[in-house]
Structure formats: C-alpha cells, structure tokens
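Enquirer: one predicted model, sequence on top.
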Amino acid sequence: MSGRVIKIIFLFTVLLSTQTVPAQIMNYYWSTNFNSISSLLGGAVVAGEGDNASIYYNPATIAEAEQGSNFSLTSSLFTYYTYTYKDALGDGTKLYTDYFIAQPPFISYTYRPKSDSKFRLSAAVLTRVKEDINMISANSKYYDVLHNLPGEELYNSLFDYRNSYIDTWVGVALAQQVTEGFSYGVSLFVSEASIKYRYRYATSAYSVNDTLDPEIYPQSQRIAEGTYEEAFKFTDYRLIFKVGVLYKSGSWRFGLNLTTPSVYLFSSGKQAIRTELASNISLSTNDFLPDYQIFDGQTDNQLKTDIKLPLSISIGIIKEFGDNKKRLYFTAEFYKRIKSYKMISAEINDDITDDQIYELLENKDWLSFAYATRSFFNVALAYSWRIRKGREFLNSFRTDLTSIRNADMGEYSHYNVIKTVDYNRFHYAAGLKFNIKKSNFIAGGELSFAYNNNIKQIANFTDPVELNTKDNRVLQGEIKNDMSIMYWGFSVYIGATLNFIQK
C-alpha cells in the first residue's frame with residue numbers, strides 16, 4: 001500500500017476528532033424551570049413551594065395541594081439569548097447567532113377528591129427543553145494556498161451549522177400524605193424528544209490566472225477541494241419515573257426525589273448522512289494525493305436511536321425564619337454518568353468508498369454516533385421575602401453545568417460524535433408573587449451567562465495552506481486554541497395558578 005494512500009486514510013480518520021461548535025442543549029439539565037414560583041426560585045423547590053410544578057421536582061409535595069382543584073399556566077413571555085464565538089474560523093473571525101422564543105412551557109392540573117382524602121392527583125404538559133441554533137458563514141478571498149502555483153488563488157470557505165432540540169413531557173402523578181409531617185409521591189412521564197442536527201464545512205481553491213501553462217502547472221486547470229458534512233434527525237419516545245418524599249418538622253422542610261434513567265419506547269422520522277471528500281491536493285508539481293470520497297446515508301429501519309437521560313437524585317432543604325416571612329431554599333441534584341453507547345446505531349456498509357480506502361478505515365461503523373456523560377452536581381440557592389400580605393419577593397441563583405466535560409467515551413473513543421463545546425452556564429432570577437384570593441400570579445425575569453476561552457478553533461479559514469499535516473486537514477491553516485465563547489440569555493416570566501376550591 002502506498003504511503004500516500006495511508007496518509008489520506010490518516011487524514012479522514014482523525015480529521016474531525018477535536019472540532020468544536022456551539023453547545024448542545026441536550027447536554028444541560030437545568031436550563032429551564034417551570035411553573036410560576038419554581039421559575040423564580042431557580043428550581044430549588046424539592047422540599048416544597050413547587051406548586052403545580054411539584055409533579056416534576058418532587059411529586060411528594062403535591063400532597064400539600066388544597067381541597068378542590070387548581071389549574072396552572074406558566075408562560076415564558078419571551079426568552080432571548082445570544083452566542084458569540086470569537087476566532088472560531090480563524091484569527092479575527094466571529095460567529096454570532098441569537099434566538100428568540102415565546103412559548104407556554106408548563107400547563108398543569110392538580111386535584112384533591114375530598115376534604116378528608118390523603119391522596120392528590122396531578123397531570124402536566126411541559127416543555128423541558130426547546131432550542132434551535134443556526135449559524136452560517138461564507139467567504140471568498142484571495143490567498144496563496146496552492147503552493148505549486150505562482151501567485152494567489154481564489155479561496156472559498158463555508159461553515160454551516162444547525163442544532164435543534166425539543167423535549168416535551170406529558171405526565172401524571174399520585175401523592176399521599178401519610179402523616180402531618182410526611183408524604184410521598186410518584187410521577188410517570190412520556191417524553192417526546194426531537195433533534196435536528198447538521199454540521200458542514202467546505203473549502204476550495206483554484207487559480208484564476210489563465211496565462212499559466214498547463215504543461216508546467218497541471219494544477220492550474222483544476223480545483224482543489226475539501227468538504228465534510230454530517231446530519232441527522234429523529235424523534236425518540238421515552239418513559240421517565242420519579243419517586244419523592246417530603247418531611248416537615250417545625251420551621252424545617254426536607255425533600256428527596258429520585259428520577260430513573262429514561263426507558264426507550266420507540267423512534268420515528270430517522271435519517272442520517274455523513275460524507276467527506278478531498279480532491280486535487282498536491283504533494284509536488286506533478287504529484288497529487290489520491291482523490292477520495294466517503295459517503296453513507298440511511299433512514300428508518302436502518303437506524304436505531306436512543307437519547308438517554310441519566311439516573312439522578314435531588315435533595316432539598318427549606319428553612320423559615322423572620323416570623324415565617326422569609327425562607328431560604330437549597331437544592332442539589334446529582335446526575336450519574338451515562339456510560340458510552342451508540343446514540344445513533346447505523347448498519348455497517350462496505351459500499352461507502354473504494355475497497356482500498358475502506359480496508360484502511362480504523363472504524364468502519366462510519367455513520368454511527370457515540371455519546372457519553374459524566375457524573376456531576378447542580379446546585380440552586382433561593383430566597384423569598386413576604387413583603388406584606390399577598391406580596392412576596394423571590395430570587396435565586398443556580399448552576400447549569402455541562403454533562404459531557406471529560407466524559408469517558410470508553411470503547412467508543414474512536415467513534416464519531418456530535419460536534420459541540422462544554423462550557424458551564426449560570427442563572428439568576430428574580431421577581432414578585434401576587435396572591436389574589438386563592439390564586440397567585442408572578443412576574444419576573446432571569447439572566448443567564450456563560451464564558452469560556454482557550455478552546456480549539458472549529459477551523460482556520462484565514463491562514464489556509466494546501467496540506468496541514470499538523471492538524472491533518474486540507475485547505476486549512478493550523479488549528480489553534482484561540483477560540484472564546486460568550487453566552488447571554490434573558491427571559492421574562494409571567495404566570496398564574498388558578499385555584500378552584502370546593503366548599
């Protein structure tokens with residue numbers, strides 16, 4: 001086997017192993033809160049005050065619902081966020097995207113059958129996650145890229161990215177108040193998680209000088225190219241169970257909630273492609289690297305998909321003080337790691353490139369995508385102050401750590417993965433709660449922030465060379481750890497819980 005072919009194989013087996021792009025929202029578990037009160041308390045409601053969101057945070061606290069029924073509709077009046085990536089595609093470049101969303105993320109209903117009943121029932125529809133990131137950058141400029149041709153060539157570059165993820169839950173719950181100070185509850189959710197993902201870049205270089213003699217410069221009449229694309233979409237349906245307990249003693253409240261790993265049911269709308277091409281990359285004036293293309297695309301029964309959620313355990317503490325006018329809330333949630341697995345499992349196809357290249361592929365499972373997470377904690381701290389009867393100030397701070405930082409890919413370390421970055425987010429929320437008779441209303445906002453730097457660039461389109469052997473890329477310059485990322489988000493909340501109390 002020629003050394004040139006082996007070099008090409010090395011190129012496409014490691015070409016994308018360290019690339020990074022915008023954060024994948026499925027890697028964050030505390031990005032969104034639900035319901036009127038819990039949104040302003042940052043989700044620090046495992047020990048209570050979750051109101052109708054108790055079905056999600058701790059079903060045991062549903063037992064505190066009053067006799068009768070209540071209906072809750074919480075709307076994020078709007079959420080606006082921005083992503084800014086500096087030096088992402090080379091020195092002096094900037095990728096920017098923003099996103100605006102208005103949605104009703106939480107609708108719930110809670111019912112207590114009789115005044116002497118110890119049981120409560122609840123049902124809810126909630127949007128746990130919704131985000132759609134789109135970025136595109138295209139540029140044409142003259143560079144001296146092809147080293148065996150005199151002068152500059154026209155160099156074209158394109159980067160195109162989309163990452164859309166929506167996870168909607170529908171659930172029911174049952175809670176029982178065993179004693180005055182102790183209750184338990186269970187929840188069952190069906191999750192519909194849809195993802196649409198696309199990652200693509202393309203580069204080309206060619207001479208616009210028609211005076212070059214093709215006998216001397218054979219490359220002058222050819223176009224050098226390097227392209228890569230991967231894309232998929234599917235919808236997964238899953239089951240998630242929650243079991244919680246609540247204990248109250250004096251001015252203290254303690255809550256515990258266990259969330260099971262997701263249980264796969266079925267998938268729909270499955271499609272996936274992956275392709276890579278390089279052509280007309282020269283080693284010398286009359287010697288070129290062999291052209292190659294790898295392409296695979298599969299649909300429906302050819303693919304198996306599974307977006308897993310981990311086992312998690314949350315604890316909550318609430319302390320009342322100041323003549324019961326003030327409360328301090330604390331919640332922490334531990335997420336167990338998800339062992340590496342194939343999130344998308346495709347059929348192995350030996351007809352995706354020529355036989356010689358296929359035999360040298362390190363991983364012939366070309367179209368499958370692997371995934372894994374680490375074990376970690378998120379924490380939330382909140383404070384409420386009853387200013388006067390029917391008026392209460394709420395505020396909170398919470399972490400929203402990425403689940404994939406330093407995740408162990410294990411046996412799938414050579415598999416393709418979704419191109420993403422791993423920065424940590426932080427959120428601060430504040431607002432007012434108003435009580436009108438038996439119903440309550442809230443108005444407030446939330447500020448979110450994240451920053452990270454010294455990250456490996458996505459590409460280098462500003463200092464391109466024909467063959468970058470250091471990073472095993474064609475028509476790109478040296479990939480540096482110069483990229484920085486800044487994320488800002490702002491949400492305005494408005495919500496209401498309407499109670500219909502039986503006499």
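Expert: Arrived safely, thanks for sending. Numbers count the residues shown, from 1 in each chain.
Enquirer: which parts of the stretch 51-200 of the chain are helices?
Expert: Using DSSP state H, counting those that start in this stretch, the helices of the stretch 51-200 of the chain run over 54-57.
Enquirer: how about the chain?
Expert: 3-14, 36-40, 54-57, 355-360 (DSSP state H).
Enquirer: lowest-confidence stretch among the ones you listed?
Expert: Across the helices of the chain, helix 3-14 has the smallest mean pLDDT, namely a mean of 45.
Enquirer: contacting residues around residue 47?
Expert: Residue 47 sits next to 58, 61, 246, 253-255, 316-318, 329, 331 when contact means Cβ atoms under 8 Å, 6 or more residues apart in numbering. For the C-beta atoms, the positions are set from N, CA and C on the backbone; glycine is no exception.
Enquirer: which ones among those map onto strands?
Expert: 246, 253-255, 316-318, 329, 331 (DSSP state E).
Enquirer: closest one to residue 139 out of the residues you listed, please.
Expert: Taking Cβ to Cβ as the measure, residue 139 sits nearest to residue 331 out of these, at 46.6 Å.
Enquirer: would you state the strands of the stretch 201-350 of the chain in chain order?
Expert: Under the criterion DSSP state E, counting those that start in this stretch, the stretch 201-350 of the chain contains strands at 224-249, 252-259, 263-279, 282-284, 287-288, 292-299, 303-305, 312-321, 326-335, 341-346.
Enquirer: do the stretch 1-150 of the chain as well
Expert: Using DSSP E, counting those that start in this stretch, the strands of the stretch 1-150 of the chain run over 68-86, 94-112, 119-143.
Enquirer: run through the stretch 351-500 of the chain and note the low-pLDDT ranges.
Expert: Counting by pLDDT under 70, the stretch 351-500 of the chain has low-confidence residues at 499-500.
Enquirer: strands along that one, start to end?
Expert: For the stretch 351-500 of the chain, the strands defined by DSSP E, counting those that start in this stretch cover 369-371, 376-388, 391-400, 425-436, 439-455, 467-468, 473-474, 483-500.
Enquirer: beta-bridge partners for the closest residue to residue 448 other than its chain neighbours, please?
Expert: Spatial nearest neighbour of residue 448, chain neighbours left out: residue 489 (3.5 Å); criterion: Cβ to Cβ, 6 or more residues apart in numbering. The partner list for residue 489 in beta bridges (DSSP bridges) reads residue 81, residue 448.
Enquirer: same question for residue 321.
Expert: Beta-bridge partners for residue 321, by DSSP bridges, are residue 326.
Enquirer: hang on, it packs against residue 383?
Expert: No: Residue 321 is beyond contact range of residue 383, at 10.7 Å (criterion: Cβ atoms under 8 Å).
Enquirer: of the two, who's got more company?
Expert: Higher neighbour count among residue 321 and residue 383: residue 383, with 16 against 10, using other Cβ atoms under 10 Å.
Enquirer: show me what contacts that one?
Expert: Counting by Cβ under 8 Å, 6+ apart, residue 383 touches 326-329, 394-396.
Enquirer: tell me which of those residues is nearest to residue 463?
Expert: So of these, ranked by how close each gets to residue 463 (Cβ to Cβ), first place is residue 396, at 45.5 Å.
Enquirer: look up the closest residue to the closest one, ignoring the ones flanking it.
Expert: Nearest non-adjacent residue to residue 396, counting by Cβ to Cβ, 6+ apart: residue 42, 3.0 Å away.
Enquirer: OK, contacts around that neighbour?
Expert: Neighbouring residues of residue 42 by Cβ under 8 Å, 6+ apart: 33, 380-382, 396-398, 427, 429.
Enquirer: neighbour-wise, which of these leads?
Expert: Comparing these by number of neighbours (other Cβ under 10 Å), residue 33 comes first, having 30 neighbours.
Enquirer: can you name the two of the ones in strands among the contacts of residue 47 that are farthest apart?
Expert: Put simply, by Cβ to Cβ the two of the ones in strands among the contacts of residue 47 set farthest apart are 246 and 329, 13.8 Å from each other.
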